[in-house]
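Colleague: Can you look at this prediction? I've put the sequence above it.
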Amino acid sequence: MKRNLKVWMLAAALTMAGSYATAQANPPKEDGGKPGMHAMHGMDHGKMAERMKRHMQHLKAELKLSADQEGAWTTFASAMTPPAPPPRPDHAEMEKLSMPERLDKMKEMHQKRHEMHMAEMEKRHTAVKAFYGVLTPEQKKVFDTKAQPKWPHGPQHG
């Protein structure tokens, strides 16, 4: 029984040492780990926009649009462009507030971000439906399988 306890203690110590070494080898980014969805996944707005642009170019090529569909594509692609990230709070100003005031401010910012997000979703929803309406049945099949990038599966994706 004592031997099993020693083995478990050794395993726990090695795990902790490995975690410490990993943390030291991968220090936080200089920006202090920007808050927000894209920062959590290690992707800044510029990289996300560039990735989206490449995806849209590939999608357009695969759809083989006719000249009559170009205007609908332009409207669709414009609506799908990611918005600029919202401004970050001024930490110096936030520190001047009492805790209840800070919580109220954070709640207000969260509500505004939620409203912006919902407006973006509505804009994209409308754009997709309008564009989808001008596609041929063959193009709709391509769009259905290629328009949405693959969803990441787990923390290793980012």
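Modeller: All right, it came through fine. Numbers count the residues shown, from 1 in each chain.

Colleague: Residue 124 touches residue 79, doesn't it?
Modeller: Yes. Because the distance of 5.7 Å satisfies CB atoms under 8 Å, residue 124 is recorded as touching residue 79. All C-beta atoms are positioned from the backbone trio N, CA, C, and that covers glycine.

Colleague: Do a quick rundown of the helices in this protein.
Modeller: Residue ranges of the helices in the chain, as given by DSSP state H, are 2-25, 37-40, 45-63, 70-80, 91-96, 99-133, 137-146.

Colleague: and the angle from the third one to helix 99-133?
Modeller: Right, helix 45-63. What separates the directions of helix 45-63 and helix 99-133 is an angle of 20 degrees, with axes from the mean of the first three to the mean of the last three CA atoms, to 10 degrees.

Colleague: Only the buried residues of helix 45-63, if you could.
Modeller: Applying a neighbour-count criterion of 16 or more other CB atoms under 10 Å, the buried positions in helix 45-63 are 56, 59, 63.

Colleague: same deal with the longest one?
Modeller: For helix 99-133, the neighbour count (16+ other CB under 10 Å) marks 127-128, 131 as buried.
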